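Q: I need the structure of the sequence given here:
(chains A and B)
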Amino acid sequence: DAGVTQSPTHLIKTRGQQVTLRCSPKSGHDTVSWYQQALGQGPQFIFQYYEEEERQRGNFPDRFSGHQFPNYSSELNVNALLLGDSALYLCASSSQIAKNIQYFGAGTRLSVL
Amino acid sequence: DAKTTQPPSMDCAEGRAANLPCNHSTISGNEYVYWYRQIHSQGPQYIIHGLKNNETNEMASLIITEDRKSSTLILPHATLRDTAVYYCIVRIGANFNKFYFGSGTKLNVKP
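A: As a prediction, this is how the structure comes out:
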């Protein structure tokens, strides 16, 4: 158990809808990263939050947005869902003090119909 | 970040050592090598990481070549529970870093 909690575990949406995924980092961690993992592929970096700001971003459109709260938890929002957004969404937390290791949650499985 | 190359799959007999190779020929001097594994439909699990020296922990050993262009993850006594996809990642050990995952190696441990 990595101590990173994601909710919900599964989600079904239809095209054009919006979705919000949530992540609570491991205790003592202040940095949250989000990844998208399509079936049969490795995780792809979406963005990373620290001090409630987006610090780095991967090659994802603006439909993907996020937020980090003062308690370090984070949300991932996806607007105007496409069929291709169906994937496992992973949250990883780390600490800027012990900044080398990211711990992953179990993920949220999103299905877009 | 440097890209990595791993074989798509490997087999290993239960109880034997599993040696998983990774090529990272474009690695920079300040980039670390990390290994994670992912058991089906779960989140990736941290295994080990290193910069230039060989590393060992309770899960595995990491051997990095002197020129740092390749590394090997060693699971000394593989069990059926070690069946997973293993990812080799290189990353700058600095703030606001991100991991680039490749396709990984699917390790099949067989009885």
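
Q: quick one: low-confidence parts of the chain?
A: With no chain named, the answer covers chain A. Residues of chain A that meet the criterion pLDDT under 70 lie in A:1-2, A:99.

Q: Actually, chain B is the one I wanted.
A: Applying pLDDT under 70 to chain B flags residues B:1-2, B:92-97.

Q: Could I get the phi/psi values of residue B:81?
A: The phi and psi values for residue B:81, taken as degrees, to the nearest 10, are phi -70, psi -10.

Q: If you could redo that for residue B:45, that was the one I meant.
A: Recorded main-chain torsions at residue B:45 are phi -110, psi 130, according to degrees, to the nearest 10.

Q: How about the contacts made by it?
A: Residue B:45 makes contacts with A:2, A:104, B:36, B:37, B:38, B:39, as judged by Cβ atoms under 8 Å, 6 or more residues apart in numbering or on different chains. Placement of C-beta: from N, CA and C, glycine included.

Q: How about the contacts made by the third one?
A: Applying Cβ under 8 Å, 6+ apart, one finds that residue B:36 lies in contact with A:104, B:44, B:45, B:46, B:47, B:86, B:87, B:89, B:101.

Q: Go again with 10 Å.
A: A:42-43, A:92, A:101-102, A:104, B:43-49, B:84-89, B:99, B:101, B:104 (Cβ atoms under 10 Å, 6 or more residues apart in numbering or on different chains).

Q: These in strands, which ones?
A: Cross-referencing the contacts of residue B:36 against strands under DSSP state E gives A:92, A:104, B:45-49, B:84-89.

Q: Count the residues that sit near the closest residue to residue B:68 other than its chain neighbours.
A: Leaving aside its chain neighbours, residue B:68 sits nearest to residue B:27 (5.4 Å; criterion: Cβ to Cβ, 6 or more residues apart in numbering or on different chains). The tally of other residues near residue B:27 (other Cβ atoms under 10 Å in any protein chain shown) stands at 21.

Q: which residues does the most centrally placed residue in chain B bridge with?
A: Geometric centre of chain B, nearest residue: residue B:35, 3.4 Å, by Cα atoms, centre = their mean. Beta-bridge pairing of residue B:35 under DSSP bridges involves residue B:48, residue B:88.

Q: just checking, it touches residue B:71?
A: Yes: using Cβ atoms under 10 Å, residue B:35 makes contact with residue B:71 at a distance of 8.2 Å.

Q: if I look at the two, which residues touch both of them?
A: B:20, B:22, B:50, B:55, B:62, B:88.

Q: could these go into a markdown table alongside neighbour count?
A: A markdown table is the format used below for the shared contacts of residue B:35 and residue B:71 (neighbours: other Cβ atoms under 10 Å in any protein chain shown):
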| residue | neighbour count |
| --- | --- |
| B:20 | 23 |
| B:22 | 25 |
| B:50 | 18 |
| B:55 | 17 |
| B:62 | 22 |
| B:88 | 26 |
